[in-house]
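K.L.:
Sequence and predicted model, in that order:
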Amino acid sequence: MGIPLRPWAAPPDGTGTRWSHYREFGPAKEVSSIVSLGWQGFAGWDRELRILPDGCADLVWDGRSLDVVITAGAPERRWLPGTARTLGLRLRRGGAGSLLGHGLFELPAGTTRLADMWGRRAGRAEELLASSKSFEARRNVLEALVAERLRDVQPDSRAIAAAHGLGTPGAKPADVAHELGISERGLRRLLRSETGCGPKQLQRILRFQRFHRRLPALARGRTSLAVVAVELGYADQSHLGRECRLLSGSSPAALVRSWARQDALAEKFQTARPGTARIGPRDNPFRNG
């Protein structure tokens, strides 16, 4: 599914009274073969949230329905009310198609209700999620659902290995296919089924994710777009710009400005940056699950 631009944000009114939060946690051992991480989000204010593509699929509970969310080649935008608390499990890149029982290329980009694929099993999970009173209880429901599914299906380890291999800077699809003992055409079929995109598209997404991780340094003036473009293997800064617009809907400079604006708000209102949380118990939007 991807991630928000950053783990927390504030609206542009500059009052410092409303905040959006996103945090990740490790999966239970029983599902770690197919789940890379779990996450929880709090919208903070009514808005359309932009989710950047990462080549993964997520199982997402938004308080109303349990959905599969895919962002394979463009940002996904989801409307969230200010009180929304979402919970998700991010499936390992290369394993989603096998777990879901559907080739991801068959599914529309964006949101598909899980009950449309898994039927009553997913419907029961929705009922349990709706009646659960805490974050821990909802997390247990989601992980139990995936663990139950894993007793029926076995993810294709070749696809997970292929996605990992293509994430290495400079990797060539032909070499990855050779290491897995399949043809390049076979690699393409495999990845389209498990990730929704072919090798080249997946590499573009993974390179963009590496750019996303450079945003803090860019916003704080520690490097430049021209330098980052070269370091990440783009032909030039214009190439980075084209890719960024396609995969995020914004120019690189706009993403950097957005990040820098949130850093300024953090300083103004003494709000912690990721990894240095100073939110008190009365301010924690997760305190009630």
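P.N.:
It's in.
K.L.:
Going by C-alpha atoms from here, please, whenever you check contacts or count neighbours.
P.N.:
OK.
K.L.:
residue boundaries of the helices in this structure?
P.N.:
Remark: helices assigned in the chain by DSSP state H are 96-100, 115-118, 120-131, 135-150, 157-166, 173-180, 184-195, 199-213, 215-219, 225-231, 237-248, 252-269.
K.L.:
What residues of the third one count as buried?
P.N.:
Right, the one you point to is helix 120-131. Neighbour counts over helix 120-131 (16 or more other C-alpha atoms under 10 Å) mark 122-123, 125-126, 129-130 as buried.
K.L.:
which regions of the stretch 1-150 of the chain lie under the pLDDT threshold?
P.N.:
1-19 (pLDDT under 70).
K.L.:
Same question for the stretch 151-289 of the chain.
P.N.:
In the stretch 151-289 of the chain, residues with pLDDT under 70: 262-289.
K.L.:
and if we set it to 90?
P.N.:
Scanning the stretch 151-289 of the chain for pLDDT under 90 picks out 156, 169, 258-289.
K.L.:
ok so, going back, for E30, find the nearest of the helices of the chain.
P.N.:
Nearest to E30, of all the helices of the chain, is helix 135-150, at 6.3 Å by C-alpha to C-alpha.
K.L.:
The closest one versus helix 120-131: what angle between them?
P.N.:
Orientation check (axes from the mean of the first three to the mean of the last three C-alpha atoms, to 10 degrees): helix 135-150 against helix 120-131 gives 170 degrees.
K.L.:
on that earlier part again, let me have the buried residues of helix 120-131 in a markdown table, adding distance to G249 as columns.
P.N.:
Below are the buried residues of helix 120-131 laid out as a markdown table (distance: C-alpha to C-alpha, whole Å):
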| residue | distance to G249 |
| --- | --- |
| A122 | 33 |
| G123 | 34 |
| A125 | 34 |
| E126 | 32 |
| L129 | 33 |
| A130 | 34 |
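K.L.:
As a markdown table, the helices of the chain with distance to G63 would be great.
P.N.:
Formatted as a markdown table, the helices of the chain follow (distance: least, C-alpha to C-alpha, whole Å):
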| stretch | distance to G63 |
| --- | --- |
| helix 96-100 | 21 |
| helix 115-118 | 15 |
| helix 120-131 | 7 |
| helix 135-150 | 10 |
| helix 157-166 | 30 |
| helix 173-180 | 40 |
| helix 184-195 | 26 |
| helix 199-213 | 28 |
| helix 215-219 | 31 |
| helix 225-231 | 39 |
| helix 237-248 | 26 |
| helix 252-269 | 27 |
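K.L.:
closest to G44 out of these?
P.N.:
For G44, the closest of those is helix 252-269, at 14.4 Å, according to C-alpha to C-alpha.
K.L.:
Tell me which of the helices of the chain sits nearest to W45.
P.N.:
Across those, W45 has its closest neighbour in helix 252-269 (15.3 Å, C-alpha to C-alpha).
K.L.:
For K29, find the nearest of the helices of the chain.
P.N.:
Between K29 and the helices of the chain, the tightest spacing by C-alpha to C-alpha is seen for helix 135-150, at 9.7 Å.
K.L.:
helices or strands next to that closest one in the packing?
P.N.:
Applying 3 or more C-alpha pairs under 8 Å, 6 or more residues apart in numbering; DSSP states H and E, we find helix 135-150 packed against strand 85-91, helix 120-131.
K.L.:
Make JSON lines out of the ones you listed and add distance to S238.
P.N.:
Converted to JSON lines, the helices and strands packed on helix 135-150 look like this (distance: least, C-alpha to C-alpha, whole Å):
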{"stretch": "strand 85-91", "distance to S238": "32"}
{"stretch": "helix 120-131", "distance to S238": "45"}
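K.L.:
Indicate which one of these is closest to T223.
P.N.:
Once the helices and strands packed on helix 135-150 are compared by C-alpha to C-alpha, strand 85-91 is nearest, at 30.7 Å.
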